[in-house]
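*Asks:* Got a sequence here, can you build the structure:
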Amino acid sequence: MPWRCRLGDALSSLQASCQRPLLEPSDQIIVALDGMAPEQALSFTATVPELRWVKVGLELFVAGGPAVVRQLRDQGKRVFLDLKFHDIPATMAGACRSAARLGAELITVHASAGSAALGAAQAAALESAAAAGLPAPTLLAVTVLTSWEQARFASELAIGEPLAAYVPRLAQLAAAAGIGGCVCSPLEVAALRAAHPEPFALVTPGIRPAGAALGDQQRVLTPAQAVAAGASQLVIGRPITAAPDPAAAFAACCLELGGF
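*Replies:* Model (predicted):
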């Protein structure tokens, strides 16, 4: 009957909207362990007991290898493995297969690798996690690094398309290939969220609490501004890791998001 069809459609819509649960503030913040040696990273995470998510980037992974990911997971931390894979499809698939087997729950790939490589990476990551009995990871496509600004982007890479158009183009390419989300500047979150509703993840670096130094980031927002714009999770590094009291700095960021 018609009312049953309408009820079924409503329930399906509600189920889709609830696929990604609302996150607590401490789950929305991913602390970047950039610039740390493996022993420093493990010591640091022990000093911030409320910390749930950490980002392992190129520096830390090259220094500590897969072991550092396992050690962080042994501490109960969830790992965002930010190695930004960009290669031919077979190589990207192999890399994501290994990353998923380590237990990384967020894994970055470059959207500009193209749809074939993105699709191969996604399939390999899901297959590997399932075989190991681990949670399915979310692959995040990197659109444009937050260190780029428009004039230098155009002059050095000879890409005339404005960032405001180029970023959505890459995000759409990733979404069409089945990738679960994007890494993007917080200034691009609102437009991307309008085009890609939940459960598509939008993870944003370039987050600086009010009054914090910009460092090498050019396109930034505060934590509250980024979440209000539609970010799923925020990557915050030096404002927490270089603070005199990292636990207090982490708590302050959570408080800004409505927690603690």
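*Asks:* Please make it C-alpha for all contacts and neighbour counts, starting now.
*Replies:* Fine.
*Asks:* just the helices in the stretch 101-250 of the chain please.
*Replies:* Secondary structure of the stretch 101-250 of the chain by DSSP state H, counting those that start in this stretch: the helices cover 115-132, 150-157, 163-176, 189-195, 223-229, 238-241, 246-256.
*Asks:* Out of those helices, flag the one nearest G65.
*Replies:* helix 115-132 (18.6 Å; CA to CA).
*Asks:* Let's see stretch 29-41 as CSV, backbone CA atoms only.
*Replies:* This file holds the C-alpha atoms of stretch 29-41, laid out as CSV (Å, rounded to 0.1, in the frame of the first residue of the first chain):
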residue,chain,number,x,y,z
ILE,A,29,40.1,15.5,17.4
ILE,A,30,43.0,13.6,15.8
VAL,A,31,46.3,14.7,17.3
ALA,A,32,49.1,14.8,14.8
LEU,A,33,52.3,13.2,16.1
ASP,A,34,54.4,15.0,13.5
GLY,A,35,58.1,15.7,14.2
MET,A,36,58.3,13.1,17.0
ALA,A,37,60.6,10.1,17.2
PRO,A,38,58.7,6.8,18.0
GLU,A,39,59.7,6.8,21.7
GLN,A,40,58.6,10.5,22.0
ALA,A,41,55.2,9.7,20.3
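*Asks:* buried set for it?
*Replies:* Applying a neighbour-count criterion of 16 or more other CA atoms under 10 Å, one finds I29, I30, V31, A32, L33, D34, M36, A37, P38, A41 buried in stretch 29-41.
*Asks:* Now secondary structure and pLDDT too, for these, in CSV please.
*Replies:* Output for the buried residues of stretch 29-41, formatted as CSV (DSSP: H, G, I helix; E, B strand; the rest coil; pLDDT from 0 to 100):
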residue, secondary structure, pLDDT
I29, strand, 96
I30, strand, 97
V31, strand, 97
A32, strand, 97
L33, coil, 97
D34, coil, 94
M36, coil, 96
A37, coil, 97
P38, helix, 97
A41, helix, 97
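*Asks:* Bridge partners for the residue minimising distance to the centre of the chain, pull those for me.
*Replies:* Geometric centre of the chain, nearest residue: V203, 3.8 Å, by CA atoms, centre = their mean. V203 forms beta bridges with V183, Q233, as assigned by DSSP bridges.
*Asks:* circling back: between the helices of the stretch 101-250 of the chain, which gets nearest to V62?
*Replies:* Among the helices of the stretch 101-250 of the chain, the nearest to V62 by CA to CA is helix 238-241 (19.5 Å).
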